[in-house]
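Peer 1: Here you go, sequence then predicted model.
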Amino acid sequence: MRFIIYYFFKVFVKTGLFFYSKKIKVSGKNNIPKEGAVLFTSNHPNGLIDPLIIATHIKRKTHFLVQAGVFKNKSVANFFDLLGMMPIYRIRDGIKQLSKNEEIFNKCQKLLKNNKTLLIFPEGSHDRKRTIRPLSKGFTRIIFGTLNNYPDTKIFIVPVGITYQNSSKYPSKVAVNFGEPILSNDFYNKDNLNNSIKILKEKISTQLENLIVHIRDDEYYASTLEKLNKAQVDFTEVKKVNNILKIQEFPNKKQFSKNHKNPLFYLVILNSLLPYLLWKKLSKKVNEIEFIDTFRFGINMILFPLFYIFQTSIIYLLFNKKIALSYFIFSFLLVLLFTKTSVNKTESSI
């Protein structure tokens, strides 16, 4: 039953992402082992929507670690558990809470021992900066702990790079790149664990830097990003942009077109006024910009369809079934057309 519910919501979320994103470009899926234990390690620029995008483009059921803060509500926690999410505690959650990670790590080890898949974000937190930050060693604790307790287990690590054209804007283009699998067993030396951790982290970081648009986080970061933004590059063309960074030959500045709203925007708002106003009110309570997309997507995926169903019911009562069904289909096609035809622009604040 849990299996059926999981895949039902997976299809539901993937459909929602199709309506929400202008384009999701996925490459390297052939790098994902079809069997055995797999640990996906990804950068983390955009809150809870990152694991949703990645997990819905992996055929196998994927468990993943997310910030413990979203598990505060018991009903929500039970639902997330059903979807394969597990809480990871940080110092900001309270020092006493950190002891709970031991149980979570043990659960992760058992998942890998049973040849399941696990998605983690080894940078330790989300950040919109276009760079790969230093990796924490928490994920190596899971890997090497599994190999120590279950030495016959083979664990493949697949780095995942996720890049947004504009992570805080709707709709946005997204690129998801799966890297080459790394057999973690080749790096495990229990007699020199610190060196094993260092080498493995470097191996994964190197791949991640090629799987996203990676701008070195130094004194030139801001000026480099500004040059790319002024050239209005497509950040989802990861290889192309990284080559620009490598040779340091930036495209000419492009004149920004006037920011005219897509005419379809007004039709969508007119047809979705109540959920839109509710989102505008709730968005003021989102303290971290990395969670803007997460909350907006959640509202779009739930409240908008419910509102369309409500309006369809009224039209059915006032007119007939044929007109009501036509309106219902029109509402979703209108949103889809707006999403796929809107112009994406770069944003200098990223």
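Peer 2: Thanks, I have it. Residues are numbered from 1 along each chain as shown.
Peer 1: tally of neighbours for residue 11?
Peer 2: 11 (other Cβ atoms under 10 Å). Where you see a C-beta, it was placed from the backbone N, CA and C, and this is true even at glycine.
Peer 1: mind listing what it touches?
Peer 2: Contacts for residue 11 (Cβ atoms under 8 Å, 6 or more residues apart in numbering) come out as none.
Peer 1: okay, it: pLDDT?
Peer 2: Per-residue pLDDT puts residue 11 at 93.
Peer 1: And it, how close does it get to residue 144?
Peer 2: 35 Å (Cβ to Cβ, to the nearest Å).
Peer 1: what's the answer for residue 173, then?
Peer 2: On the measure of Cβ to Cβ, residue 173 and residue 144 end up 37 Å apart.
Peer 1: likewise residue 64?
Peer 2: Taking Cβ to Cβ as the measure, residue 64 and residue 144 are separated by 20 Å.
Peer 1: related to what we said a few turns ago, compare residue 173 and residue 144 and say which one has the larger neighbour count.
Peer 2: residue 144 (22 against 18).
Peer 1: Spatially, which residue comes closest to the more buried one, not counting chain neighbours?
Peer 2: residue 188 (5.7 Å; Cβ to Cβ, 6 or more residues apart in numbering).
Peer 1: OK, contacts around the one you found?
Peer 2: Here residue 188 is in contact with 143, 144, 147, 196 (Cβ under 8 Å, 6+ apart).
Peer 1: Can you tell me which of the residues you listed lies closest to residue 328?
Peer 2: residue 143 (48.4 Å; Cβ to Cβ).
Peer 1: related to what we said a few turns ago, got the phi/psi numbers for the residue nearest to residue 144?
Peer 2: Phi and psi for residue 188, reported as degrees, to the nearest 10, are phi -90, psi 120.
Peer 1: What's the local residue count around residue 204?
Peer 2: 24.
Peer 1: Now do the contacts for it.
Peer 2: By Cβ under 8 Å, 6+ apart, residue 204 lies in contact with 41, 122, 135, 157, 159, 182.
Peer 1: On the three-state scheme, it is what?
Peer 2: Per DSSP: H, G, I helix; E, B strand; the rest coil, the secondary structure class of residue 204 is helix.
Peer 1: where does the spatially closest residue to residue 331 that is not a sequence neighbour land on pLDDT?
Peer 2: Leaving aside its sequence neighbours, residue 331 sits nearest to residue 308 (Cβ to Cβ, 6+ apart; 4.5 Å). Note for residue 308: predicted pLDDT of 97.
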